[in-house]
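Student: Here is a sequence together with a model predicted from it:
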Amino acid sequence: MSTQKITPTRKDKIKRGESRPDRMKRNQEVGDKYQRDHPEYCRNRMRKLRAEELRKEWGTEVGQMWQCGEHRVICGDCTDPAVVQRVMGGEKATIAFTSPPYAEQRKAHYGGINADKYVEWWDGVQSSVRSILYDQGCFFVNIKEHCDNGERHLYVSDLLTTMKRKWNWLFVDELIWFKPGIPGGWDNRFRDRFERIFHFSISKKIKFNPLSVGTESDKTFTYSSKNKLANAGDNVQLFEAANGEKKGTARPGNVIEIGANQEKLGQAVMFPLGLPTFFIKAYSDQSDIILDPFLGSGTTMIACENLGRKCRGCEIDPGYIGVILQRYKDTFKVEPVLIE
Ligand SMILES: C[S@@+](CC[C@H](N)C(=O)[O-])C[C@H]1O[C@@H](n2cnc3c(N)ncnc32)[C@H](O)[C@@H]1O
């Protein structure tokens, strides 16, 4: 008989006389209860572990550049224009589409930028993007401010104003991403069911293919500034009186309904594939170059491959670079290659 002494840990205490199957069952129950009591922590921990595992498998490091089919991704800081210019390789992007890290969020993952310093930090992002965007290009930013002490923080409003007033971007529009889901809420407000996507451009003339994201309808009309129906808004009488309606493709409005992502990857805050897909289709053509400066798990790259565009991405965390490479390989059965 073995005389080896086992020191029970706090998590895995061996009760005297307890059989091995009973102990395993009890440990399982303790684990299940912990997951029920701390679901967000457990999910994030699993994702972080997965990203760390993939970082080791792919040997990813800051400074590397990878080729995934027609797409490229660099591991580096997108607030440095030299990093973004390196991944662009002298080419220009038709659009930049991204969801940056929100202020004060995910501190364990990527530091969490202080809300009061966010606009200052953003200067690097906007100048990197501007340096590689076509004059007729667009920059889409999906961001939502958090609540602090029972009220919304204003750093996103400050960002918007500074983009226009200080950095001279045109503020073309604000689109709403409506998220259907389970109701919930806080003490003094309802649950978030939408996020905003801010649309900036350099010049008024941009690429715009609105019917590429349209739907079939019996009540379409010619979209032109000369057609009063096109600008009728909610004027129902005008619609009813008009006889210019025809069957065809109708433009959507600027509220887009897209459900949450169901994929379980190593990234905590992925947006659904439908989100970049909508904007890439509406604001670029086949073979155009799309930049995502905060690529995360590579959703924009997947959308680009599906739509025949070329993605250029930047991601600071080598673990997430591993997630991007694995996701690309699993989805398209193409092996990513380290190029620099
Ligand atoms: C909100 S997530 C993007 C998620 C992405 N849209 C997706 O679907 O997976 C933001 C990402 O930006 C990365 N990041 C944070 N700071 C960065 C920086 N300065 N340069 C490049 N990437 C950065 C984070 O590691 C994180 O993966």
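Tutor: That came through, no problem. Numbering: from 1, shown residues only.

Student: Residue 58 and the ligand, how far apart?
Tutor: According to CB to the nearest ligand atom, to the nearest Å, residue 58 and the ligand sit 16 Å apart. Quick note: C-beta positions are derived from backbone N, CA and C, even for glycine.

Student: mind checking pLDDT for that residue?
Tutor: Per-residue pLDDT puts residue 58 at 97.

Student: ditto for the one 4 residues further on
Tutor: For residue 62, the model assigns a pLDDT of 98.

Student: Pop out the phi and psi values for residue 142.
Tutor: Main-chain torsions, residue 142, degrees, to the nearest 10: phi -100, psi 110.

Student: Might you report the residue contacts of it?
Tutor: Residues in contact with residue 142 (CB atoms under 8 Å, 6 or more residues apart in numbering) are 97, 98, 99, 177, 195, 196, 197, 198, 271, 275.

Student: what are the bridge partners for the closest residue to the third one other than its chain neighbours, then?
Tutor: The spatially closest residue to residue 99, leaving aside those adjacent along the chain, is residue 142, at 4.2 Å (CB to CB, 6 or more residues apart in numbering). On the basis of DSSP bridges, residue 142 takes part in beta bridges with residue 197.

Student: circling back: among the contacts of residue 142, which are in strands?
Tutor: Counting by DSSP state E, the members of the contacts of residue 142 that fall within strands are 97, 98, 177, 195, 196, 197, 198.

Student: Can you name the residues bridging to the second one?
Tutor: It refers to residue 98. Assessed by DSSP bridges, residue 98 has beta-bridge partners residue 141.

Student: Let me know whether it touches residue 138 as I believe.
Tutor: No: Residue 98 lies out of contact with residue 138 (CB atoms under 8 Å); the separation is 11.7 Å.

Student: before we move on, the earlier item: out of the contacts of residue 142, which is most surrounded?
Tutor: Using other CB atoms under 10 Å as the neighbour criterion, residue 97 leads those with 29 neighbours.

Student: Pass me the low-pLDDT residue ranges in the stretch 51-200 of the chain, would you?
Tutor: Low-confidence segments of the stretch 51-200 of the chain, defined by pLDDT under 70, are located at 105-111.

Student: quick revisit: which ones among the contacts of residue 142 also lie next to the ligand?
Tutor: Among the contacts of residue 142, the residues that sit close to the ligand (CB under 6 Å from any ligand atom) are 99, 271.

Student: The protein: strands as residue ranges?
Tutor: 65-68, 71-75, 93-98, 133-143, 147-148, 151-152, 170-178, 194-201, 215-220, 246-250, 255-257, 289-292, 310-315, 337-338.

Student: same question for the last one, mean pLDDT?
Tutor: Which is strand 337-338. Averaging pLDDT along strand 337-338 gives 98.

Student: and that strand, what other elements does it pack with?
Tutor: Applying 3 or more CB pairs under 8 Å, 6 or more residues apart in numbering; DSSP states H and E, one finds that strand 337-338 makes contact with strand 65-68.

Student: Quick check: buried residues in the strand it packs on?
Tutor: Using 16 or more other CB atoms under 10 Å as the burial criterion, the residues of strand 65-68 that qualify are 65, 66, 68.

Student: Now render those residues as a markdown table, adding distance to residue 83.
Tutor: Shown next, in a markdown table, are the buried residues of strand 65-68 (distance: CB to CB, whole Å):
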| residue | distance to residue 83 |
| --- | --- |
| 65 | 10 |
| 66 | 14 |
| 68 | 18 |
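
Student: So what's the residue count around the residue of the stretch 201-340 of the chain found nearest the ligand?
Tutor: Relative to the ligand, the nearest point of the stretch 201-340 of the chain is residue 296 (2.5 Å; CB to the nearest ligand atom). Applying other CB under 10 Å, we find 26 residues neighbouring residue 296.

Student: Can you tell me how far residue 24 is from the ligand?
Tutor: As judged by CB to the nearest ligand atom, residue 24 and the ligand stand 36 Å apart.

Student: Helices of this protein, start to end?
Tutor: Counting by DSSP state H, the chain has helices at residues 20-37, 39-58, 81-88, 107-110, 118-132, 155-165, 236-241, 274-283, 299-307, 318-332.

Student: Quick check: residues of the stretch 201-340 of the chain near the ligand?
Tutor: 267, 269-271, 294, 296-297, 299, 314-317, 320.

Student: winner for burial among the helices of the chain?
Tutor: By mean neighbour count, with neighbours taken as mean count of other CB atoms under 10 Å, helix 299-307 ranks first of those at a mean of 24.

Student: which other helices and strands contact that helix?
Tutor: On a contact count with 3+ CB pairs under 8 Å, 6+ apart, helix 299-307 meets strand 71-75, helix 274-283, strand 289-292, strand 310-315, helix 318-332.

Student: Switch the ones you listed over to a markdown table; also include distance to residue 248.
Tutor: Output for the helices and strands packed on helix 299-307, formatted as a markdown table (distance: least, CB to CB, whole Å):
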| stretch | distance to residue 248 |
| --- | --- |
| strand 71-75 | 34 |
| helix 274-283 | 17 |
| strand 289-292 | 28 |
| strand 310-315 | 31 |
| helix 318-332 | 34 |
